[in-house]
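Participant: Give the three-dimensional model of this entry:
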Amino acid sequence: MKYVIIGGVAGGASAAARLKRLNEDAEIVLFEKGEYISYANCGLPYYIGNTIEDRKKLFLQTPVSFGNRYDADVRTLNEVTAINRDRKTVSVKNLRNGKEYEEDYDILLLSPGAEPVKPHVQGIDLPNIFTLRNVADCDKIKMQAIDNLTDNAAAVVIGGGFIGLEMAENLRKIGYQVTVVEKADHVLTPLDWPMAAIVQQHLVDKGVNVITGNGLSCFKDHDGQLAVVLEDNTVLPCNLAILSIGVRPNTTLAKACGLKIGEAGGIWVNEYLQTSDECIFAVGDAIEYPHPVTGKPYCNFLAGPANLQARTAAMNMVYPQSVQYQGSVSTAIAKIFDLTAACTGLSENTLRKLGMTYQTVITHPAPHATYYPGGQPIHLKLNFDPENGRILGAQAVGTQNVDKQIDVISLLLKHQGTIFDLVNSEHAYAPPYGSAKSPVMFAGMVAENIYAHLMNPIQAAELDEIIDRNEDFNLIDVREIQEFKTGTIQGAVNYPVDELREFLEDIPQDKKTIVFCEVGLRGYVASRILMQSGFNTVYNLIGGMKTYRLVGKHNQ
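Facilitator: Predicted coordinates for the structure are as follows:
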């Protein structure tokens with residue numbers, strides 16, 4: 001059986017290796033139009049920032065070593081220009097000598113990846129404008145960054161997603177003044193504003209200029225230097241600009257040969273990762289597949305799912321329809337200076353756009369036992385279905401153990417887990433590593449209280465709307481008096497939770513009552529006291545003052 005693979009890296013190279021392990025007699029030809037077939041794509045920003053100093057460490061396998069190990073015919077700098085489905089061949093151009101030829105196949109695997117979005121704006125072809133997608137891009141950026149590094153060197157990163165912020169950190173690390181431009185109203189749009197606000201403030205604290213709600217208009221020459229011009233006509237002179245506004249599936253070959261393209265714009269595949277042609281499979285950034293939570297097709301540009309797809313496709317290429325792909329819940333993580341930001345599943349913004357019913361919990365637990373020194377809070381946001389408790393998504397930001405919390409939730413989410421599964425989950429516990437109630441258990445418990453109507457939650461934005469409307473309601477700060485004096489919410493009165501029962505007669509019962517503390521726990525205790533003392537409409541501010549300070553409008 002002859003297998004032809006178009007594209008290397010996470011999809012193609014992984015599939016080739018799996019094919020050979022499954023079938024030693026398989027004939028494998030792998031085409032890659034670039035020079036490299038197996039490299040650490042996600043490590044490229046860290047090479048630019050000198051965290052990874054040795055360029056060789058980016059390469060997992062060379063074409064020669066890979067070919068030798070897996071008895072594969074690896075042809076780099078060979079670009080497949082067409083797929084001829086009628087005769088089961090591919091047309092290839094050797095980029096070294098310009099020779100064109102055809103190669104036949106029994107089974108074909110497409111792994112062409114994605115291509116960076118480059119907007120059609122004035123000046124887009126000026127020098128020193130880069131995208132980061134492969135090793136060649138990385139080398140160009142690093143060379144330019146080194147050659148232009150002066151005391152006042154400036155870089156503009158257009159796009160505040162995970163890659164954009166990783167680039168901002170690494171350019172700042174080597175000495176650049178960095179500006180991040182994000183058209184949306186906050187950076188890291190996979191995260192909702194309460195979580196993204198923490199990251200955005202941290203960027204500012206690290207000396208990064210952050211501009212949001214303002215997109216790219218054009219590029220121009222500004223006194224002999226590149227300049228980024230924004231929609232409001234702000235001009236940002238710079239030594240280099242990084243375009244990080246997203247990627248799109250590379251479907252050129254698939255479209256040209258008549259393969260089905262799905263509604264999300266990626267190559268359509270079935271549960272066995274077969275395209276509309278049963279002899280052609282596809283994996284990686286170029287495909288679309290139904291999301292496990294929504295059931296709607298979407299494109300996922302992550303290395304982990306691409307590797308799993310490669311393994312699944314290889315199994316089905318050797319043993320037809322033996323393994324079904326289960327989809328991806330888009331679990332992602334990034335280091336941003338001293339913080340880690342991670343997410344899985346659906347954000348509140350996405351849930352709102354889809355018209356899905358959801359409820360949200362925000363907690364700020366410690367990463368380990370509070371009496372053990374050194375812990376900084378994990379800011380954890382959990383979205384769930386209030387009708388059945390199913391987990392819909394989660395986000396976390398912090399300095400420790402963020403990946404652990406998101407990985408646990410991701411696993412449950414992938415298998416249609418619920419908030420009750422979080423409550424009943426079991427975790428390794430010792431004071432340096434965790435708490436008897438882990439952060440995800442605690443978030444599950446808060447969600448369970450909401451599900452059981454033991455607590456009525458209110459979000460910071462909802463409280464702001466009530467204040468803006470000048471509604472007549474009770475707003476009670478149940479923290480200690482010393483905490484209250486450091487700052488509270490406009491209009492709040494202070495009744496510490498431990499003394500609340502003494503003041504019940506002073507609080508009008510015929511009004512809506514909203515209580516809050518620092519993170520939500522004392523607020524919950526206070527709301528239970530009030531709800532069981534004749535107060536019918538009692539709400540607890542989710543995330544407490546720790547969240548409200550970041551996103552609320554009426555701090556005082």
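Participant: Closest to the centroid, which residue in the protein?
Facilitator: For the chain, the residue nearest the mean C-alpha position is residue 332 (4.1 Å; Cα atoms, centre = their mean).
Participant: Tell me the spacing between residue 178 and residue 29.
Facilitator: According to Cβ to Cβ, to the nearest Å, residue 178 stands 43 Å off from residue 29. All C-beta atoms are positioned from the backbone trio N, CA, C, and that covers glycine.
Participant: swap in residue 234?
Facilitator: 51 Å.
Participant: Same check on residue 321?
Facilitator: 24 Å.
Participant: quick one, which of these two is more surrounded?
Facilitator: Comparing residue 321 with residue 29 by other Cβ atoms under 10 Å, the one with more neighbours is residue 29, at 20 against 12.
Participant: Just confirm that one contacts residue 3, I think it does.
Facilitator: Yes: counting by Cβ atoms under 8 Å, residue 29 touches residue 3, with 7.4 Å between them.
Participant: got any residues that touch both of the two?
Facilitator: Common contact partners of residue 29 and residue 3 (Cβ atoms under 8 Å, 6 or more residues apart in numbering): residue 105.
Participant: contacting residues around residue 238?
Facilitator: Taking Cβ under 8 Å, 6+ apart, we find residue 238 in contact with 128, 154, 155, 156, 179, 225, 226, 227, 228.
Participant: Buried ones among the residues you listed?
Facilitator: Applying 16 or more other Cβ atoms under 10 Å to these, the neighbour count classes 128, 154, 155, 156, 179, 226, 227, 228 as buried.
Participant: Do a quick rundown of the strands in the stretch 451-556 of the chain.
Facilitator: 457-458, 473-477, 493-494, 512-516, 538-541 (DSSP state E, counting those that start in this stretch).
Participant: mind putting these in TSV, mean pLDDT, mean neighbour count and distance to residue 141 included?
Facilitator: Listed next are the strands of the stretch 451-556 of the chain as TSV, based on pLDDT from 0 to 100; neighbours: other Cβ atoms under 10 Å; distance: least, Cβ to Cβ, whole Å:
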stretch	mean pLDDT	mean neighbour count	distance to residue 141
strand 457-458	97	21	45
strand 473-477	97	23	50
strand 493-494	97	14	53
strand 512-516	98	25	46
strand 538-541	98	26	44
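Participant: pLDDT on stretch 136-151, on average?
Facilitator: What stretch 136-151 shows for mean pLDDT is 88.
Participant: Select the longest helix from this structure.
Facilitator: For the chain, the longest helix by residue count, based on DSSP state H, is helix 303-318.
Participant: quick one on the thing from earlier: looking at the contacts of residue 238, which has the smallest pLDDT value?
Facilitator: Within these, residue 225 has the lowest pLDDT, namely 90.
Participant: ranges for the strands of the stretch 1-150 of the chain?
Facilitator: So, for the stretch 1-150 of the chain - with DSSP E, counting those that start in this stretch - the strands run 2-6, 27-32, 38-39, 59-61, 73-76, 78-84, 89-94, 100-104, 107-110, 114-116, 129-131.
Participant: Need the winner for burial among those.
Facilitator: For these, the largest average neighbour count (mean count of other Cβ atoms under 10 Å) is found in strand 107-110, namely a mean of 27.
Participant: Work out the gap between that one and the centre of the chain.
Facilitator: 29 Å (Cα atoms, centre = their mean, to the nearest Å).
Participant: what's that strand packed up against?
Facilitator: strand 2-6, strand 280-282, helix 303-318 (3 or more Cβ pairs under 8 Å, 6 or more residues apart in numbering; DSSP states H and E).
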